[in-house]
Every structure is written in C-alpha cells, then in structure tokens.
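# okay, predicted coordinates and the sequence, questions at the end:
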Amino acid sequence: MLIRKLLVLSVVAVLVSGCAAGRAFRKGQDAARAGDWDRAVAEFTQAVQANPGRAEYKISLQRATQTAAQEHISRGREFEEKDQLDAALLEYKRASELDATNRLASAKAVQLEKTVRDRIEAMRPRPAIDKLREEAARASTPMLNPASRDPIKLTFSGSLKDLLTMLGQMTGINITYDQQFQDKPYTVSLEGITLEQALQQIMAANQTFYKILNPKTILVIQDVPAKHQQYDEMVMRVFYVSHADVTELVQILNTVMRIPTMAVQPQMLPSKTANTITVRATAPVVDVIERVIRANDKPRAEVVIDVQILEVDKTRTKRLGLNLSNYSLGLTFSPEFAPPNTSPTGDTPGLPPPFNLNTISQGISTADFYLSVPTAIVRFLAEDSHTKLIAKPQLRGAEGSKLTMNLGDQIPVLSTVFGAAAPGGFASVPQSSFNYKDVGVNVEMTPRVTYDGDIVLDNFSVESSALGPSISVAGQSVPSFSSRKVTTKLRLREGESTLLAGLLKDEQRKILTGFPGIMNVPILRSLFGQTSDDINQSDIVMLLTPHIVRTHELTAEDLSSIYIGTQQNIGLGGPPPLIAAPPIIEPPAAAPAGTTPPSGAVPGGAANPPGGVPPTNPPVPPGVFPVPTLVTPPPVGPPATPPGATTPPAAAQPPRDVNVPPVAGQGTPAPATAAQVVVTPPGTEFRIAGGPYPTPLSINNVSRLSAITLTVTYNPAVLRVRTVLDGTFMRQGGVAASFTPRIDAAAGRVDIAIVRTADQTGASGNGLLAALQFDAVGPGGSMIQVSGMANTPDGAPIALSFSPVTVTVR
C-alpha cells in the first residue's frame with residue numbers, strides 16, 4: 001500500500017511539473033507572436049527550468065533571446081540618433097545581458113558610458129583654485145607694453161647699441177644698459193618678425209639678456225652668472241598639490257632642477273600636513289617648476305570591479321549494512337553482585353565491585369560469569385545535500401590602493417603568551433587573547449590603469465577557507481582551518497570579463513567495517529559488515545569585469561616637451577621675460593543685413609592674417625599657462641613677405657610656441673564636407689559559385705575619427721557574406737582598436753563596430769575600415785547599402801555620406 005501511494009505521488013508530481021513547463025512555453029509562444037520578446041524570454045526561461053530536457057524549449061529560448069537583443073539594439077540606435085544617450089545606454093546594456101555573445105552591444109555600451117562620463121565631466125564647474133591660479137599668474141608676471149606692434153622689417157650694420165636704440169625708437173620702448181655692458185659691431189637683417197622675436201635673436205647672438213624695469217623700459221645686461229645673481233628676481237611661491245605625493249615631487253624636482261652651472265640653485269621644502277611645496281628660486285626657474293608640478297599632479301584613475309561569485313558545496317553520504325555496537329565479546333566474573341552496565345543497553349559491562357574470597361570457598365557456578373554480546377543494527381542511510389553561495393558585489397577604488405572583499409565569517413582563535421608577573425621576573429603568567437580569522441571567500445587585488453586604457457590587477461588573490469575539525473594541542477582543543485588560495489596578475493580591457501574557476505576540493509572516503517575473515521568473502525561481508533561512502537565536493541567560480549570610472553586626465557600639454565633654455569640660463573621658452581599681449585579691442589557692431597563690408601575686410605570683424613605675419617594670441621584656456629608672445633594685428637591688405645626674406649636661425653628662436661593648446665570654448669572646426677564611406681566591389685557583375693568577391697569599405701576625408709558603427713544591407717537571396725575582415729585605418733598611429741562584426745545572414749545585414757581604445761587624437765585622412773567577402777548564391781540584383789554614425793574622441797558626431805552600389809548575379 002505504501003509503495004502504491006509513493007508511485008501515485010511521483011506520477012502526480014511529474015504531471016504537475018510537465019503542465020507548468022508546457023503552460024510557460026505556451027505563454028512564451030503567445031508573447032513571441034505579439035512581439036513582446038522580453039516576456040517571451042522570461043516565459044521560455046521558466047519552461048526550460050521546469051523541464052531542462054526538452055530541446056524544443058531550449059531552441060525557443062535561444063531564438064527569443066537573440067531576437068530580444070536585436071530589438072534592444074535597434075531601440076538603442078533610435079535613442080542614440082535622438083541624442084538620448086542614457087536611454088540608449090540602458091538598451092545596449094539590456095541587449096548585452098540577453099545575448100552575451102553580442103559584442104556590438106557590449107562595445108556600444110562601453111562607448112556610450114565613456115561619452116556620458118565625458119559630458120558629465122565637461123559640465124562640472126571649474127574649481128575655484130583654477131581661476132585663482134590664473135589671476136595670480138597674470139598679476140605676478142611683468143609685461144612689456146610697446147607702443148607699436150607692427151612687424152619689424154630692418155637691415156642694419158653697425159654697433160649693438162645703435163641697433164637696440166633704433167629698435168626702441170621704432171617700437172616706443174626705452175633701452176638702458178648695465179654699467180659693464182660692452183658694445184660691439186653687429187650686422188643683422190630682420191624681416192617680418194615681432195619685437196620679442198627680434199630681441200631673442202639679437203640677445204642670443206651677442207650673449208646678453210634683458211630685464212623689464214617697467215612696461216616701457218628694458219635693461220640690457222651681459223649674460224654671465226654673476227649678472228644673473230645680481231639682476232634675476234628671486235621668487236618665493238607655495239604650490240598647492242591636490243593629488244601627488246609632495247615628498248616624491250620634491251625628490252623629482254631636486255633631481256631634474258639641480259643644474260651645476262645654474263647661477264642660483266632653487267630651494268624646495270615639502271609640507272606633508274598641508275600637502276604643499278614651498279619654492280625659492282628665480283622667476284624663470286619657478287615657472288619651470290610650476291610646469292613640472294602641473295604635469296605630475298594628476299588624479300589617480302578609478303575603477304569599478306564587478307565580481308560575481310558562485311560557491312557550490314555538495315555532500316553525499318551512504319550507510320549500508322550491519323552495524324554492530326562493539327566488535328568484541330566481554331566476559332566478567334562477579335560472584336557477589338552483578339557488575340555495572342548489565343542492563344540491555346548494548347554496552348560492555350563495567351568493572352565488577354570487590355568481593356570476599358570466602359564467597360568462592362563455597363564453589364563457583366556459571367551464575368558468577370557475565371558475557372556481553374554486541375548488538376546489531378541494520379543501517380539504510382542515504383544523504384545528499386547541496387549548498388550555493390552567490391554574491392555580486394562591486395568594488396570601487398583608485399589605482400594603487402588595495403581592494404579587499406571578505407564573504408564569510410570571523411572565527412575567534414585563542415592566542416596565549418606568557419609574561420612576567422613583575423619586571424625582570426620569570427615569564428610564567430599566561431595572557432590570553434583572541435584573534436579573529438576570516439573564513440569563507442576572500443578576494444584581494446591592487447588595480448592599476450595603464451595609459452593605453454588597460455586595467456592591470458596586481459597581487460590578485462582568491463582564498464577559500466573553511467573551519468576544519470578541532471585538534472588537540474597540549475591537551476587543549478584548538479580549531480583547524482582548510483584553505484585554497486590562488487595568486488596571480490591579470491591584465492584586462494575595460495568591460496572585458498574573465499572567469500576564474502578550478503578551486504575544486506573533492507574528498508571521497510569509503511569505509512568497510514566487519515568481522516575479520518568474513519570481510520573478504522563477497523556475499524558475507526555485505527550481510528555481516530557495513531559500507532560507508534562519503535563524498536564532499538566544493539568548487540568556486542568567479543567572474544570579474546573591470547570598468548574605468550575616471551582616467552588619468554592627461555592633456556596635450558602633459559605629453560609635449562618642456563623647453564627650459566640652456567644650462568646657463570634656465571627658463572620656460574628661453575631667457576627673456578614675457579611681453580604683454582596686445583590689448584583686446586572690442587569688435588565693431590555687426591553691419592545691418594544687406595550691407596556690403598568694405599573692401600579687404602572680413603564680415604564679423606575677423607580677418608585672416610597674411611602669410612609670414614603671426615596671428616593674434618588667443619585667450620588662455622582654463623588651466624593652461626602658455627608663454628604669451630608679442631603679436632601684431634596686421635593692417636588691411638599688407639604686402640606679402642618678399643621672396644628673399646629669410647627666417648631667423650633656430651638658435652635665436654626657441655620653439656616656445658609649439659603645440660599651443662586650443663582656446664577654451666572653441667573646438668576644432670568640423671570639415672566643410674562630410675566624410676565619405678565608399679563601397680568598392682570588384683565589379684558590377686558576380687557569378688554564382690565564382691566567389692568569394694572581396695568588397696572593401698573605405699572612408700575618405702575624415703578628421704579625428706575615434707568610433708564608428710556601420711550597417712551594411714544586401715539581398716540575402718542573391719548574396720551571402722562569408723566573413724568580415726578588419727581594416728587598418730582605425731589603428732592609425734599604433735592605437736589599438738576593437739573590431740566587432742555581426743552577420744545576420746537571414747536578414748541580409750552586417751553590423752560593424754570599430755572603436756579606438758584610449759584614444760585622444762583620432763584617425764584622420766583616408767583608409768580602409770573593413771572588407772566583406774561576398775558569395776553569389778542566386779541570380780538577381782542586389783543593392784549594397786551602408787549606413788552608420790561616427791564620433792570624435794570628445795564624443796562629437798562626425799557627418800558621414802554614403803553611396804550605395806548595385807551588383808548583378810548571373
């Protein structure tokens with residue numbers, strides 16, 4: 001009867017589970033017909049979980065997952081075209097979660113995360129200290145304000161004093177000389193250069209330098225160390241460091257700024273409390289020190305590590321056979337009283353009490369002996385237990401800092417030391433304390449972000465520990481611990497996942513208990529013995545996915561060289577002090593509509609300077625302090641530089657204005673025409689079974705291309721894409737690029753995503769993006785159309801134009 005009830009219950013359970021799986025599967029089919037693919041995925045997943053053996057359920061789930069991912073990608077594109085990046089990012093992430101093999105969705109999600117992060121950073125208000133630094137730099141730097149800023153055109157042969165006096169009269173400045181100044185003959189030809197460039201050329205050629213006394217006067221001095229000690233202004237300045245370690249910075253500065261031939265050595269003192277550096281040096285040397293500090297005082301990059309941990313413990317136990325309470329026979333002699341433990345408990349009788357020898361003088365009988373026989377228990381035990389520990393934490397930290405994660409318990413461990421009761425006495429007094437040990441899954445790592453955009457996890461270790469059986473040490477029970485630990489070093493790209501597994505612990509124990517001799521007989525050992533099987537398995541699976549939250553925030557100025565003059569004369573951009581930029585002139589009011597501007601003028605008040613005349617200095621962008629130069633607004637329509645004019649020698653004109661950063665608020669102007677994406681098939685006529693036909697995808701007239709997504713459509717009844725090959729254009733300049741193609745043969749569509757990693761310059765010009773290899777599968781015509789979008793490293797869109805082509809298959 002009991003067996004019949006169990007069978008009935010089992011049949012009912014199977015039918016109920018089958019009905020649940022079928023009901024979920026039908027709901028998933030209805031949702032798929034209605035186009036609700038997210039709900040279809042949920043229903044098909046429930047059906048597969050209820051009945052994992054049905055291949056039909058698995059196929060439907062996979063098809064629904066891929067279709068739902070494609071729908072989310074399409075929605076993401078629509079949101080992206082509307083510049084709704086947050087909604088597009090959610091759609092791409094959802095597509096990546098549904099279909100982990102879709103690298104296009106993952107690449108787009110990473111690209112949009114970077115774009116959104118850059119936009120948020122760009123919208124943040126500037127720190128107040130940046131404005132204070134700019135104001136302090138403008139107030140403390142002496143400037144020369146000449147009356148005339150016209151380009152200098154002069155050919156002179158005579159004494160040096162006469163030349164400088166003539167320059168002063170031409171530009172409206174006063175020239176004075178040091179007492180030890182020595183005049184000498186000098187011949188020079190100056191053609192179309194500024195006053196600052198002329199002074200640099202003349203001073204460098206005659207081993208002199210000048211010092212500004214006031215906006216209209218300079219003092220010319222012989223360039224020797226004694227004169228620098230006499231005339232160079234000493235400056236004391238406090239640098240407030242935000243991110244770098246001041247002690248390390250001072251060590252760097254002492255190494256690079258201690259030049260033996262320098263007339264006045266700089267003095268630097270760090271303050272760990274205020275995180276500042278106090279510097280005493282000449283003004284040009286302080287400018288160099290400021291540039292070095294600004295290049296090194298960068299915030300550390302920050303990362304977020306997504307960790308998914310699955311710990312699986314499985315225990316199986318089987319007990320089968322005859323279990324005797326004690327495999328021994330006990331015989332006890334007790335003529336007066338019954339010995340202890342003679343009740344039917346199955347235990348061996350204890351020692352009998354003492355008895356009088358007169359008792360046995362009357363004789364011994366069988367009633368004086370007690371015999372213990374072991375009890376028998378037939379065991380039928382089977383135990384199967386499974387334990388899962390799932391955790392999905394996120395770890396965020398700056399590079400170089402140690403990240404630690406502990407999932408488990410803390411076990412107190414007793415620690416005893418012996419100390420003396422009195423100073424100088426014998427250590428005999430025990431002093432106990434408890435230390436706590438972490439038991440469970442412990443993860444430690446030290447992240448580091450490379451300048452190429454990779455994430456390095458140094459000292460990455462995973463330890464799985466558990467509390468073991470207690471052991472006896474010197475008569476005291478202490479706990480023991482089992483541990484499995486792995487230590488390695490990982491290098492991953494942003495968003496790249498890595499799987500760590502194999503920390504498997506497998507224990508199998510088999511025990512056979514029985515009578516000697518009988519244990520070796522196959523049938524009897526099963527009847528009169530006991531078999532114990534114990535299986536303990538433990539495994540840990542970990543999935544790591546790093547993401548960059550904040551980069552090193554490098555600029556073009558940080559990567560450019562710092563020109564600090566010569567060993568005898570240190571200073572940014574050369575020895576002379578700075579000359580003031582021309583005063584800012586308010587632009588004239590805009591002319592009314594329909595008014596023709598005067599001849600030679602440019603509408604809006606902006607004119608392109610003629611060749612050979614340097615343009616007006618732009619305003620200084622925030623956080624950048626380039627060396628300003630003397631510039632001259634050219635008159636309307638001046639004559640061009642004569643063909644015979646020569647440029648000053650390189651030694652007289654140091655490259656102080658190279659790589660001037662762009663003006664704040666003014667981006668690089670977009671090209672006048674859109675970049676062209678061109679499809680170039682090998683011909684307009686394909687032959688069936690005559691392929692493959694390589695078809696390059698190239699781009700022309702593009703500037704600062706950092707990321708591009710393309711969609712190529714064709715007639716799937718006529719053509720079939722065999723493979724998609726990567727081009728070389730996006731790897732311009734040695735920059736790594738991720739290339740993600742996805743072929744949908746049924747729909748006749750190819751999606752391509754190419755992203756330059758850690759890009760700041762972009763790819764410019766013409767080149768090959770990718771190449772498709774087509775096979776002709778059926779007669780007819782097909783139009784190969786391309787669409788897509790592209791961005792610069794700053795996230796700005798790039799206009800693209802496309803030209804479809806038509807091929808015929810015969």
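Looks like it came in fine.

# near the closest residue to residue 145 other than its chain neighbours, how many other residues are there?
Among residues not flanking residue 145 along the chain, residue 215 sits closest, at 4.1 Å (C-beta to C-beta, 6 or more residues apart in numbering). From N, CA and C alone the C-beta is placed, and that goes for glycine too. Neighbourhood size, residue 215 [other C-beta atoms under 10 Å]: 13.

# and residue 705, by the same measure?
26.

# equivalent analysis for residue 219, please.
16.

# residue contacts, it?
176, 177, 178, 210, 211, 212, 213, 231 (C-beta atoms under 8 Å, 6 or more residues apart in numbering).

# residue 469 now?
Neighbouring residues of residue 469 by C-beta under 8 Å, 6+ apart: residue 480.

# for it, give its distance to residue 479.
Distance of residue 469 to residue 479, computed by C-beta to C-beta, to the nearest Å: 8 Å.

# lowest-confidence helix or strand of the protein?
Lowest on mean pLDDT, DSSP states H and E among the helices and strands of the chain sits strand 376-391, with a mean of 60.

# quickly run through the sheet partners of the very next helix or strand once past that one, with directions.
With elements assigned by DSSP states H and E, the helix or strand that comes after strand 376-391 is strand 394-398. In the sheet, strand 394-398 lines up against strand 302-324 (antiparallel) (DSSP bridges).

# what about the residue nearest to residue 685 when sequence neighbours are not counted, how many neighbours?
Once flanking residues are discounted, residue 685 sits nearest to residue 808: 5.2 Å by C-beta to C-beta, 6+ apart. Residue 808: 14 surrounding residues under other C-beta under 10 Å.

# ok, residue 196 next?
Residue 196 has 22 neighbours, counted by other C-beta under 10 Å.

# and it, how far from residue 176?
Distance from residue 196 to residue 176, by C-beta to C-beta: 18 Å.

# helices along this structure, start to end?
Assigned by DSSP state H, the helices in the chain fall at 2-34, 37-50, 55-81, 85-98, 103-123, 128-140, 160-171, 195-206, 225-231, 246-257, 283-296, 524-527, 556-559.

# wait, which of the ones you listed is closest to residue 415?
Between residue 415 and the helices of the chain, the shortest gap by C-beta to C-beta is with helix 246-257, which sits at 37.0 Å.

# and the closest one, what's buried?
The neighbour-count check on helix 246-257 (16 or more other C-beta atoms under 10 Å) flags 246, 249, 250, 253, 257 as buried.

# what does stretch 690-704 give?
691, 692, 693, 695, 696, 697, 698, 699, 702, 704.

# and of those residues, the nearest to residue 434?
Closest to residue 434, out of all of the buried residues of stretch 690-704 and judged by C-beta to C-beta, is residue 704, at 62.4 Å.

# low-confidence regions, the stretch 51-200 of the chain specifically.
121-124, 137-142 (pLDDT under 70).

# mind redoing it with 50?
Judged against pLDDT under 50, the stretch 51-200 of the chain has no low-scoring part.

# try the stretch 201-350 of the chain
In the stretch 201-350 of the chain (pLDDT under 50), the answer is 344-346.

# same thing with the stretch 451-600 of the chain?
When residues are selected by pLDDT under 50, those of the stretch 451-600 of the chain lie in 574-578, 580-581, 584-600.

# pick out the lowest-pLDDT one from the buried residues of stretch 690-704.
Across the buried residues of stretch 690-704, the member with the lowest pLDDT is residue 691, scoring 72.

# do I have it right that that one meets residue 777?
No. At 9.1 Å, residue 691 does not count as touching residue 777 under the criterion of C-beta atoms under 8 Å.

# what is the neighbour count of residue 63?
Count around residue 63 with other C-beta under 10 Å applied: 15.

# please read the previous query as pertaining to residue 43.
Count around residue 43 with other C-beta under 10 Å applied: 24.

# where does the closest residue to it other than its chain neighbours land on pLDDT?
In this structure, residue 43 finds its nearest non-sequential neighbour in residue 28, 3.4 Å apart by C-beta to C-beta, 6+ apart. As summarised for this prediction, residue 28 has a pLDDT of 87.
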